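> coords below, sequence missing:
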């Protein structure tokens, strides 16, 4: 009797150990990557896009919007949201299960066949007649729209970052040119001063001052050269190229400013409210939270379940050697009665998520007004600063010409010439910085409106969604955006 009892126990314990080992092994292999995967992470074959020989702003935008890693992550989030929608739809289709079992009786009773076979096919379906699936579908659709809008907003933000990085490289190139020309002027002045010192018409202190100023200019030139390399590496990394790429960056600051900029704040706010993707994403998040709350409130409502089970068995009933068929159809109304307060807590969480989404939407609207005002102020300031720097460069150039002529005649000292050269270098540097600030301020203004860089340089442009939108909106009334 003890042996008969211990034998099935040993078999059962063995099966438990076997299944435990298989589950553990499966989990370990699922979590731990293989050696090939690790080597692929450490040594990717081609992590960067192919680098062209010449890069313009249009090329950088075209490559960056395809190869930027953050945009690829954003695109994956859209795919994940679309997959969740497919999963929700799949839950509404019937599910089928097939089960086949065979058992042996040991020792075999005299009245039994000794072997039992069972084949079973089950099909089941559950219906929510009170709108639960409709609320879940609306929530998933709203989440998908929010993910797509967020991807569009990430695209515009990445385009602005690429534009800003490109203009930083152009500024570094121009500052290197200014520093190089300044070194040439200082070298020429040093040579002229040395000739005057050798002739006895200038003191030695003038030559020392010229040498010191030349060393300062050469230091500035060295820093400008390294700045180009650093800014170019940042641009290459942003657009997905190798930071060690040797592509030649060609471009300039925009000299012409489009006359159709909506610098009126109410009109700009209205344009941004109708164009910006983050506003659309925030509205979609509110709608998704509202539908999720409606779905949670319907968790305790009854559902209809229909199932059919077809089973063939042999060896359990007489005649033992023949299969017996059994077909069962069940239909019932399932009432959730008690779940220890789980549904109530989930409903409360969904309600808090809705409140959080509304607060986030209000914050987005408030930030929109502030961003529009700041971008308009920065753009207007950049216009005024550039006009002032243009005049400053003209005056500094005239002052240098006068100082050089007066120095040759003995009316001015070497210090006056050096001061005039430094003033001209600073004026030219500030002018190029003003050009860069105006270009970046224009790109920032376009981003605050929710459009791509270069949007206002054509009469008709495409919005991020793809539809053509007229730039001028005189007929549109800048109404105050309503809350969802």
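Noted; the coordinates are in hand. Since we're looking at a predicted model, the values are computed, not measured. Numbering: from 1, shown residues only.
> can you pull the poorly scored residue ranges out of the stretch 151-300 of the chain?
259 (pLDDT under 70).
> tell me where it has helices.
204-238, 265-275, 277-297 (DSSP state H, counting those that start in this stretch).
> now these as JSON lines including distance to residue 119?
In short, each C-beta sits where N, CA and C put it, glycine included. Output for the helices of the stretch 151-300 of the chain, formatted as JSON lines (distance: least, Cβ to Cβ, whole Å):
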{"stretch": "helix 204-238", "distance to residue 119": "61"}
{"stretch": "helix 265-275", "distance to residue 119": "62"}
{"stretch": "helix 277-297", "distance to residue 119": "38"}
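> in contact with the closest residue to residue 220 other than its chain neighbours, which residues?
Of all residues not flanking residue 220 in the chain, residue 179 sits nearest, at 4.8 Å (Cβ to Cβ, 6 or more residues apart in numbering). Residue 179 makes contact with 217, 220-221, 224, 425, according to Cβ atoms under 8 Å, 6 or more residues apart in numbering.
> ok, back up a step: which of the helices of the stretch 151-300 of the chain sits most buried?
helix 277-297 (a mean of 22; mean count of other Cβ atoms under 10 Å).
> skip ahead from it and say which helix or strand is next.
strand 303-314 (DSSP states H and E).
> so how far is stretch 263-276 off the chain centroid?
Stretch 263-276 sits 23 Å away from the centroid of its parent chain (Cα atoms, centre = their mean, to the nearest Å).
> same check on stretch 137-155?
That offset, for stretch 137-155, works out to 13 Å (Cα atoms, centre = their mean).
> tell me the confidence at residue 360?
Residue 360 carries a pLDDT score of 91 in this model.
> no wait, residue 102
63.
> same question for residue 368.
Looking at residue 368, the pLDDT reads 89.
> the helix or strand harbouring it relative to helix 265-275, how many degrees between them?
Following DSSP H and E, one finds residue 368 within helix 342-409. Calculated by axes from the mean of the first three to the mean of the last three Cα atoms, to 10 degrees, helix 342-409 forms an angle of 130 degrees with helix 265-275.
> counting contacts, what elements does helix 342-409 pack onto?
Contact here means 3 or more Cβ pairs under 8 Å, 6 or more residues apart in numbering; DSSP states H and E; on that basis helix 342-409 packs against helix 265-275, helix 277-297, helix 414-449.
> which one of those lies nearest to residue 391?
Closest to residue 391 of these, according to Cβ to Cβ: helix 414-449, at 9.4 Å.
> how about the closest one: buried residues?
Neighbour-count burial for helix 414-449, counted by 16 or more other Cβ atoms under 10 Å, picks out 414, 416-425, 427-449.
> so which elements touch it?
helix 132-199, helix 204-238, helix 265-275, helix 342-409.
> run the chain-centre distance for the second one.
The chain centre lies 36 Å from the centre of helix 204-238; the measure is Cα atoms, centre = their mean.
> likewise the first one?
The chain centroid and the centroid of helix 132-199 are separated by 18 Å under Cα atoms, centre = their mean.
> what angle do strand 303-314 and that helix make with each other?
Using the same axes, to 10 degrees: helix 132-199 against strand 303-314 is 110 degrees.
> could you give the mean pLDDT of stretch 302-315?
77.
> what comes up buried for that stretch?
For stretch 302-315, using 16+ other Cβ under 10 Å, the buried residues are 303, 307-309, 311, 313-315.
> farthest-apart pair in these, please.
Top of the distance list for the buried residues of stretch 302-315 (Cβ to Cβ): 303 and 315, 37.4 Å.
> for residue 243, see how far away the spatially closest residue to residue 221 that is not a sequence neighbour is.
Of all residues not flanking residue 221 in the chain, residue 179 sits nearest, at 4.1 Å (Cβ to Cβ, 6+ apart). Here residue 179 is placed at a distance of 24 Å from residue 243 (Cβ to Cβ, to the nearest Å).
> again, but for residue 405
Where residue 243 is concerned, residue 405 sits at a distance of 48 Å (Cβ to Cβ).
> against residue 227, how distant is the residue nearest to residue 243 when sequence neighbours are not counted?
Leaving out its chain neighbours, the residue that sits closest to residue 243 by Cβ to Cβ, 6+ apart is residue 233, at 4.2 Å. Separation of residue 233 from residue 227 (Cβ to Cβ): 11 Å.
> can you check residue 183 too?
16 Å.
> quick one: low-confidence parts of the stretch 1-150 of the chain?
Checking the stretch 1-150 of the chain against pLDDT under 70 turns up 1-51, 100-116, 127-130.
> give the contact list for the residue nearest to residue 418 when sequence neighbours are not counted.
Leaving out its chain neighbours, the residue that sits closest to residue 418 by Cβ to Cβ, 6+ apart is residue 213, at 5.1 Å. By Cβ under 8 Å, 6+ apart, the residues touching residue 213 are 186, 418, 421-422.
> what's around residue 176, how many residues?
19 (other Cβ atoms under 10 Å).
> same check, this time on residue 386
18.
> quick check, it in contact with residue 431.
Yes: under the criterion of Cβ atoms under 8 Å, residue 386 makes contact with residue 431 at 7.4 Å.
> now residue 126: closest residue in space that isn't a chain neighbour?
Closest to residue 126 by Cβ to Cβ, 6+ apart is residue 305, at 4.9 Å.
> residues contacting that neighbour?
Counting by Cβ under 8 Å, 6+ apart, residue 305 has contacts 124-127, 330-334.
> need the max-distance pair from those residues.
124 and 333 (14.7 Å).
> quick one, which of the two is more surrounded?
residue 124 (14 against 9).
> the more buried one in helix, strand or coil?
Secondary structure, DSSP: H, G, I helix; E, B strand; the rest coil: residue 124 is strand.
> so which of the helices and strands packed on helix 414-449 is nearest residue 98?
Per Cβ to Cβ, nearest to residue 98 of these: helix 132-199, 26.6 Å.
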